[in-house]
Every structure is written in C-alpha cells, then in structure tokens.
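Asks: can't give you the sequence, but here's the structure:
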Ligand SMILES: Cc1cc2nc3c(=O)[nH]c(=O)nc-3n(C[C@H](O)[C@H](O)[C@H](O)COP(=O)(O)OP(=O)(O)OC[C@H]3O[C@@H](n4cnc5c(N)ncnc54)[C@H](O)[C@@H]3O)c2cc1C
C-alpha cells in the first residue's frame with residue numbers, strides 16, 4: 001500500500017484512539033494536515049482517562065513502557081513535569097497469599113508446599129539443560145520458561161480466564177514480553193541470595209502521567225494542522241477497486257478522501273467496504289474475535305486499598321483477572337483520604353448478557369470475603385465496557401490475516417495502524433513508533 005502526499009491534501013484518519021492521535025501528531029510535526037473521525041465523544045480510545053467527581057482512572061491498568069528511547073523522549077517532551085517516574089510493583093493473589101509479579105522462585109517456594117516447590121525447582125533446572133524448539137503456542141512458551149507445575153498453577157488459569165481460550169490454542173505473542181525467563185543465574189541468585197533480577201519495567205518501574213494515561217493523547221492534539229470530528233462514526237468506505245475514494249460518516253455525510261489511515265478493528269473495516277467484498281472475505285473477517293473487558297470501578301472511603309500498582313487473580317472462580325489502583329500510579333488521581341480501584345472482568349462481546357449490578361455485587365462480596373475491603377467503604381460504583389480490548393490471537397489468525405491484508409493491499413491509499421487494525425498485541429510505544437514511521441514515509445513522497 002503506497003501512499004503519495006499531494007500538496008495541501010489532508011490525511012483522513014479513522015478512529016481517535018492512540019494510533020489515530022499519534023499519526024495526526026507526527027503529521028502535524030511535518031506540517032501535514034490531518035482530520036480524525038472518532039465515533040465516541042472523546043479521543044483516547046482504550047487509553048482514555050475518566051474523571052468522576054474527584055477521581056481519575058484509566059480504562060484498564062495502563063502504564064507507559066520505557067522500551068523505545070525516541071518514543072519515551074517524545075512523551076517526556078510532550079508532558080514535561082506532568083510525567084512521573086513511578087515505582088510500584090504488582091502482586092499475584094494466590095490462595096490468600098501475595099506473590100511477586102513477575103514470579104520469583106524464592107517467593108514461590110516460601111508460599112507453596114515443600115513437595116510442589118521441589119518439583120518446580122527440579123523442572124526449572126531440567127529446563128536449563130534442554131534445547132527447545134521455537135514455541136508455537138503460549139502453553140509451550142510457559143512450559144519452556146517456568147516448567148509445567150508453575151505454569152499450571154499461575155499462568156494457564158490466568159491466561160485462559162483473560163483470553164477465553166485454552167493456552168495451547170493461543171499464539172506465544174499474547175505473553176506481550178511479560179514472561180521473564182527463570183534462567184539458571186536468576187534461580188541461583190534468588191534461591192541462595194534472595195536477590196531480585198529482571199527488567200525494571202517488569203519489577204514495577206514505569207512512567208505515568210500525573211492525571212492519568214489519557215493525558216498523553218489529550219496533550220497531543222493542540223496543533224492547527226489537526227482537526228477532530230467527535231461523535232463521527234465511519235459507516236462506509238467507498239472504493240473503486242484500487243483506492244478508497246470516499247468515506248461515509250454516521251450513515252449520512254460522504255467525504256472525498258485522498259490518503260486514508262484506518263485504526264478501526266480490521267473486521268469492521270472489511271465490513272464497511274462498499275461495494276461489499278465477497279462472502280469468503282466477510283466470513284474470515286467475522287471469524288476474527290476480540291476479547292471484551294468490563295471495567296468495574298469502585299470508589300472507596302479509605303486512603304489506600306493496597307500498596308500495589310496491580311494485583312493479578314489467576315483463580316478461575318474469581319471473575320476478575322486484575323485489580324488496579326490508580327493512586328499507586330499517581331497520588332493526584334484521588335483525594336488524600338479516599339481511593340478508587342478498577343477490577344477488570346474479561347467477557348465475550350458476541351455473547352454478553354452480564355448484569356452489571358450483579359457483577360459489582362459479586363466483586364464486592366469476594367473482596368469482603370478475602371478481607372480486602374468492607375462493603376461499607378464503597379462510596380460509588382460504575383461499570384465501563386471495552387468490547388475491543390484484546391484481539392484474540394489464536395493459532396488460525398496468521399493465515400486469516402494474510403488473506404485479508406493481501407486483499408487490502410490493492411487499495412493504494414489505505415494504511416492500517418494500531419492494535420485492532422493490525423490485529424496484533426501492540427502497546428502504545430509500538431504504536432507511536434509505527435505512526436512516526438508511517439508519517440516519515442508519507443512526507444518523503
Ligand atoms: C486492559 C488493558 C491494559 C493495557 N495496558 C497497556 C499499558 O500498560 N501500556 C500500553 O502501552 N498499552 C496498554 N494497553 C494497550 C493499549 O490500550 C492499546 O495499544 C491502544 O489502546 C491501541 O490504540 P488504537 O488506537 O490502536 O485502538 P483503540 O484504543 O481501540 O482506539 C480505536 C478508536 O477508534 C474508534 N472507532 C471504532 N470504530 C469506529 C468507527 N466506526 N468510526 C470512528 N471511530 C471508530 C474507537 O472509538 C476508538 O477511539 C492496554 C490495553 C488494555 C485493554
């Protein structure tokens with residue numbers, strides 16, 4: 001898909017989440033005009049920060065990963081002293097114990113029964129002597145990194161709860177770089193010297209904006225080269241077989257386009273093409289699934305809930321996978337004497353009949369039973385829906401995407417960018433890098 005920039009022409013960007021905003025930001029740096037069409041009433045997509053009374057919280061536990069120096073420097077430049085360096089580790093809640101996240105062998109051994117602990121050590125030592133083939137599934141990655149026993153205790157339950165799929169049907173990339181290998185050196189260091197090892201990011205050091213993750217994107221939309229149309233749902237992409245010629249907004253307004261960047265979920269993009277694509281392509285697009293997430297927010301009448309950035313819950317009997325507390329990322333996100341927590345509950349958007357109030361009651365009752373809070377401390381509750389939280393990367397996805405991307409490559413003025421458009425497990429630093437690269441390419445034409 002090549003993209004040629006005519007003088008004074010605009011880039012039309014579909015979707016105002018991180019990918020859309022970052023593309024428009026980098027375009028503005030090159031004095032290229034862009035216009036964003038966003039379906040909802042605010043920009044930020046799944047990275048929005050919501051302000052409710054005196055509380056700020058993100059749509060899911062977000063943090064800025066310091067993985068790409070150029071991108072991190074750009075974020076520092078944009079946010080200045082609004083960007084905080086945070087040190088707030090996370091924990092795993094297992095049978096009423098808190099274990100370090102990521103798992104540390106010493107910590108695991110002091111929590112589990114002796115025979116299970118010995119089995120874990122044995123399996124991990126054996127792993128060091130084995131040569132593994134490149135893993136094809138998440139299950140294989142987990143076994144190679146942690147051995148079977150440890151994987152089954154913590155990783156499989158969690159993964160299957162989060163993705164709604166068996167871990168031997170999911171691609172290794174769903175690990176998102178979070179599986180720290182328990183190599184021989186780290187096992188010895190931890191077993192005999194109780195030393196921590198690993199990356200700063202995994203051990204709880206990260207960047208976070210003072211008033212929530214969403215401020216990153218709010219701070220990137222201040223240029224005269226950028227235009228934003230909110231409540232503007234893209235409903236059709238009209239094409240001539242070689243180019244996208246027009247887009248339709250809210251089933252009424254039709255706009256001529258020259259260059260077009262889509263951040264929409266790829267299945268929606270295929271469905272919106274007009275003339276419609278053939279049945280086989282539609283079937284493939286429909287078969288791509290997303291995992292939804294209910295974000296259950298509880299405002300609490302106490303200064304803190306815990307001292308962790310996030311707490312992970314692998315137990316399948318508990319409906320939520322993770323609880324995060326914004327105040328442990330930035331103290332400015334709640335009043336001094338109050339806090340707020342967000343419980344993440346994965347669900348299937350295509351089969352959802354969850355009653356939000358029942359879900360909230362269940363969460364409060366579980367937390368009360370675990371002695372994590374008292375019902376009387378709950379001030380207000382709210383539930384938010386993310387129907388496109390995670391693209392489900394099962395083993396058939398690669399083949400399906402090859403067919404769809406090959407088909408879309410005929411539209412010479414169309415570029416796809418972002419997590420759900422590329423159907424990849426991307427983070428915002430990846431998206432920034434890709435957006436910058438795309439704009440560099442355009443500006444050279
Ligand atoms: C729980 C959770 C935790 C995460 N944690 C982190 C983290 O710690 N760090 C990190 O870097 N990343 C994290 N991510 C990933 C991050 O949220 C995504 O990478 C990012 O949101 C992807 O941005 P995007 O613009 O591609 O898509 P989205 O955020 O999905 O934005 C797409 C936008 O398109 C709009 N749209 C959809 N359909 C239409 C239409 N028809 N017309 C117009 N507009 C439309 C949507 O309203 C939305 O605003 C996390 C994600 C989740 C779910």
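Replies: On my side now, so go ahead. Because the structure is a prediction, the values reported are computed rather than measured.

Asks: I'd say residue 100 and residue 92 touch.
Replies: Yes: taking contacts as Cβ atoms under 8 Å, residue 100 lies within contact range of residue 92: 7.5 Å. Every C-beta, even on glycine, is put in place using the N, C-alpha and C of the backbone.

Asks: Looking at the two, which has the bigger crowd around it?
Replies: Set residue 100 next to residue 92 and count neighbours by other Cβ atoms under 10 Å: residue 92 wins out with 23 against 18.

Asks: Is the more buried one in a helix, a strand, or coil?
Replies: What DSSP: H, G, I helix; E, B strand; the rest coil gives for residue 92 is strand.

Asks: What is the burial count for the residue in the stretch 151-300 of the chain positioned nearest to the ligand?
Replies: Using Cβ to the nearest ligand atom, the closest approach of the stretch 151-300 of the chain to the ligand is made by residue 234 at 3.7 Å. The local packing of residue 234 (other Cβ under 10 Å) involves 22 other residues.

Asks: Show me the shaky parts of the stretch 201-350 of the chain.
Replies: Scanning the stretch 201-350 of the chain with the threshold set as pLDDT under 70 gives 201-203.

Asks: And the pLDDT for the residue of the stretch 251-400 of the chain found nearest the ligand?
Replies: As assessed by Cβ to the nearest ligand atom, the ligand sits closest to residue 389 within the stretch 251-400 of the chain, at 3.9 Å. We have a pLDDT of 97 for residue 389.

Asks: still on that earlier bit, next, count neighbours for the closest residue to the residue of the stretch 151-300 of the chain closest to the ligand other than its chain neighbours.
Replies: In space, and not counting its chain neighbours, residue 234 is closest to residue 14: 4.9 Å by Cβ to Cβ, 6 or more residues apart in numbering. By other Cβ under 10 Å, the residues close to residue 14 number 30.

Asks: Quick check: residue 14 touching residue 262?
Replies: Yes: counting by Cβ under 8 Å, residue 14 does reach residue 262; the two are 4.5 Å apart.

Asks: List the residues that are in contact with both of the two.
Replies: Shared contacts of residue 14 and residue 262 (Cβ atoms under 8 Å, 6 or more residues apart in numbering): residue 269.

Asks: mind checking the backbone torsions on the closest residue to the ligand within the stretch 51-200 of the chain?
Replies: With Cβ to the nearest ligand atom as the measure, residue 60 is the residue of the stretch 51-200 of the chain nearest to the ligand, at 2.6 Å. When read as degrees, to the nearest 10, the backbone of residue 60 gives phi 100, psi 160.

Asks: just residue 237 next, same as before
Replies: The phi/psi pair for residue 237 (degrees, to the nearest 10) is phi -120, psi 110.

Asks: Over to residue 31?
Replies: Dihedral angles (degrees, to the nearest 10) for residue 31: phi 60, psi 30.

Asks: ok, now which ones touch the residue nearest to residue 234?
Replies: So residue 14 contacts 20, 37, 234, 247, 260, 261, 262, 263, 264, 269 (Cβ under 8 Å, 6+ apart).

Asks: ok but the last one is inside a helix, no?
Replies: So that's residue 269. Yes: with three-state DSSP as the criterion, residue 269 is located in a helix.

Asks: Surely it and residue 423 touch.
Replies: No: using Cβ under 8 Å, residue 269 is not in contact with residue 423, being 10.6 Å away.

Asks: and for these two, which residues touch both?
Replies: Between them, residue 269 and residue 423 share no contacting residue under Cβ under 8 Å, 6+ apart.

Asks: For this structure, which residues are neighbours of the ligand?
Replies: Taking Cβ under 6 Å from any ligand atom as the contact definition, the chain meets the ligand at 14-20, 37-40, 45-47, 60-63, 65, 233-234, 263-264, 268, 293, 344, 386, 388-390, 418-420, 426-429, 431.

Asks: Please narrow the residues you listed to those residing in strands.
Replies: Applying DSSP state E to the residues of the chain next to the ligand, the entries found in strands are 14, 37, 234, 293, 344, 386, 388, 389, 390.

Asks: So what does the residue nearest to residue 52 when sequence neighbours are not counted have for phi and psi?
Replies: Distances taken as Cβ to Cβ, 6+ apart put residue 382 closest to residue 52, at 6.5 Å, once the chain neighbours are dropped. As for residue 382, its main-chain torsions (degrees, to the nearest 10) stand at phi -160, psi 150.

Asks: From residue 341, how far off is residue 382?
Replies: Using Cβ to Cβ, to the nearest Å, residue 382 is found at 12 Å from residue 341.

Asks: neighbour count winner among those two?
Replies: Taking other Cβ under 10 Å, residue 382 and residue 341 do not tie; residue 341 has more neighbours (25 against 17).

Asks: residues contacting the more buried one?
Replies: For residue 341, the contact set (Cβ under 8 Å, 6+ apart) comprises 297, 298, 300, 305, 323, 324, 325.

Asks: hmm, back to that, per-residue pLDDT, the residue nearest to residue 52?
Replies: In this model, residue 382 is scored at 97, pLDDT.

Asks: Please apply the same query to residue 357.
Replies: We have a pLDDT of 97 for residue 357.

Asks: just checking, what packs against the helix or strand that contains it?
Replies: Per DSSP states H and E: residue 357 is located in helix 356-369. Applying 3 or more Cβ pairs under 8 Å, 6 or more residues apart in numbering; DSSP states H and E, one finds that helix 356-369 makes contact with strand 290-300, strand 339-347, strand 378-391.

Asks: Would you map the strands across the stretch 51-200 of the chain?
Replies: Using DSSP state E, counting those that start in this stretch, the strands found in the stretch 51-200 of the chain span residues 55-58, 83-87, 90-94, 97-101.
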